[in-house]
Every structure is written in structure tokens, then in C-alpha cells.
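1. Below are the sequence and a predicted model; questions follow.
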Amino acid sequence: MLQEKPQELQKKDFIEIEFTARVKDGEIFDSNIKEDLEKINSNLEAKPFKFCLGEGMFLKGIDDFLIGKESNKEYSIELSPEKAFGKRNPRFIQMIPMKIFIQQKINPIPGVMFNFDGRIAKVLTVSGGRVMIDFNNPIAGKNVIYNLNVLRKIDDLNEKIKALNEFLFKRDFKFEVKDKKIIMDVEKTLISFVEIFKDKFKDIFGLELEIKEIPENTEKSDKSS
């Protein structure tokens, strides 16, 4: 009996994966698997990641690797800094006056990571009234290894749309697919933000995104009733 040839993954396919990433010859720095998250003391929820291939939802090096591969398989891939988190940039190492930290009530201890105006930074040295800060990604300049388990290819359209909503908006908007449109319920304050991605929905799904305004307190009243 002839066996059906496994289907290769293509750009714009939605897949569900489990993964663990580690620095080559080093420690884990990212994962969505419970056991590995515990090793790095992460409070992130352990759940499979759903994303669309080739759409910038994961590292480009991972996207490029998975296109043409099969689902329901495990893979291991090593990425150079150029294909992972980039090379270290000397310009991202800056000297900042100590008074800035005093104003923000931050004690700059060498090795400590903190959020500096939305950018993750690491304290390198503290000398007198000056603090040397590194704004490079902590994994920049390093080869990394990703162990990937491609659990499945997602075929259900509603599940794909829900996955994209979660990635783009971190929200579970109500929606329906009707007359070649995705009709999505969105609160007024979020409409202008969601509209930015109309072309993205059209490109991935070939469907127009129609936004239907809903009252701000709909979710709250539903929960209280």
C-alpha cells in the first residue's frame, strides 16, 4: 500500500509548537514548556505557541528553517547571532548619571537587569556618580539552540484568527466569518489600533476585516451577570 507523502509546511501556514531555547553550551533563556520554565524561575504560563509561518511572529531564523519541514516532528536548530538576536552593538553601552537612578529610586548594582523607559538594560559598572549601562539584548552576540516540537498544523480558520488576535492584541475578541469578511467586535478605544492590521488580516486570510464597535462595559457586565 502506498503511503501518503507528509505535507511540507508552507509560508502562511499556522502551526502549534513547543520549544526550549538555550545559549549554545549555556543555560535556557526561553521556553513554553513547564519543566524548562521552572529551571529559569519564569512565571510565564506554559502553553503551546500558535503562529503563522513567515509573518514575523517568531524569529526569522526559525521561520526560514521550518518552511519546507514536516509537522508532528521534533527539530533542533542552531542559530548564529545574525539569525537570532543580532550582534552586540557598542553604541548600546552608555554612561548614565547616578542622579537619574536616584530620581527613579533604583539602586544600580552591577549585573542587575531593569526596565529603562521601555528598554531592558543591564548594569555593567558603578563608579562614583556614573553608571555604565548595556542596552544590548542579553542574548545578542551569542549562538543559540532551539529545540522545537511541531505539534500540528492548524487547519481551522477560527483557530487561526484567534491565534493572530492573541499575538497582535493579547485579546480574545469575539468575531464571525461571514460573506468573505471577518467581522470583529472591538471596544471603541481599541478600534484605531486594530484598524492598523487590516492589511495583515487581508494578506494572511484573504478576507476583509470589518470592525464592529461594542460598548466598553460589555465584558464587565457579562461577568457580573
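-> Yep, that arrived. Residues are numbered from 1 along each chain as shown.
2. which stretches of the chain have low pLDDT?
-> Applying pLDDT under 70 to the chain flags the ranges 1-6, 217-225.
3. Name the residues of the helix or strand hosting I161 that are buried.
-> Under the criterion of DSSP states H and E, I161 resides in helix 157-169. By neighbour count on 16 or more other C-beta atoms under 10 Å, the buried set for helix 157-169 is K160, I161, K162, A163, L164, N165, F167. (Glycine included, C-beta is placed from N, CA and C.)
4. what's the answer for stretch 42-50, then?
-> Buried residues in stretch 42-50 (16+ other C-beta under 10 Å): S42, F49, K50.
5. of those, closest to K83?
-> Of all the buried residues of stretch 42-50, F49 has the smallest distance to K83: 18.6 Å, by C-beta to C-beta.
6. For that closest one, name its beta-bridge partners.
-> For F49, the beta-bridge partners under DSSP bridges are I17.
7. From the contact counts, what lies against the helix holding I161?
-> strand 14-23, strand 49-52, strand 175-178, helix 188-195, helix 198-205 (3 or more C-beta pairs under 8 Å, 6 or more residues apart in numbering; DSSP states H and E).
8. Throw the buried residues of stretch 42-50 into CSV and include distance to N115, thanks.
-> Listed next are the buried residues of stretch 42-50 as CSV, based on distance: C-beta to C-beta, whole Å:
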residue, distance to N115
S42, 16
F49, 23
K50, 27
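9. Can you tell me which of those is nearest D64?
-> The closest of those to D64 turns out to be F49 (C-beta to C-beta; 17.1 Å).
10. How is this structure divided into domains?
-> Following automatic domain parsing, the chain resolves into domains at 1-89+141-155, 96-134, 156-225.
11. how far does the shortest one sit from the chain's center?
-> Domain 96-134 sits 26 Å away from the centroid of its parent chain (C-alpha atoms, centre = their mean, to the nearest Å).
12. same question, the longest one
-> Taking C-alpha atoms, centre = their mean, one finds domain 1-89+141-155 lying 11 Å from the centre of the chain it belongs to.
13. Could you do the last one as well?
-> Here the centre of mass of C-alpha atoms in domain 156-225, compared against the chain's by C-alpha atoms, centre = their mean, lies 19 Å away.
14. And the buried residues of helix 157-169, which is closest to M57?
-> Minimum distance to M57 across those is 5.6 Å, recorded for F167 (C-beta to C-beta).
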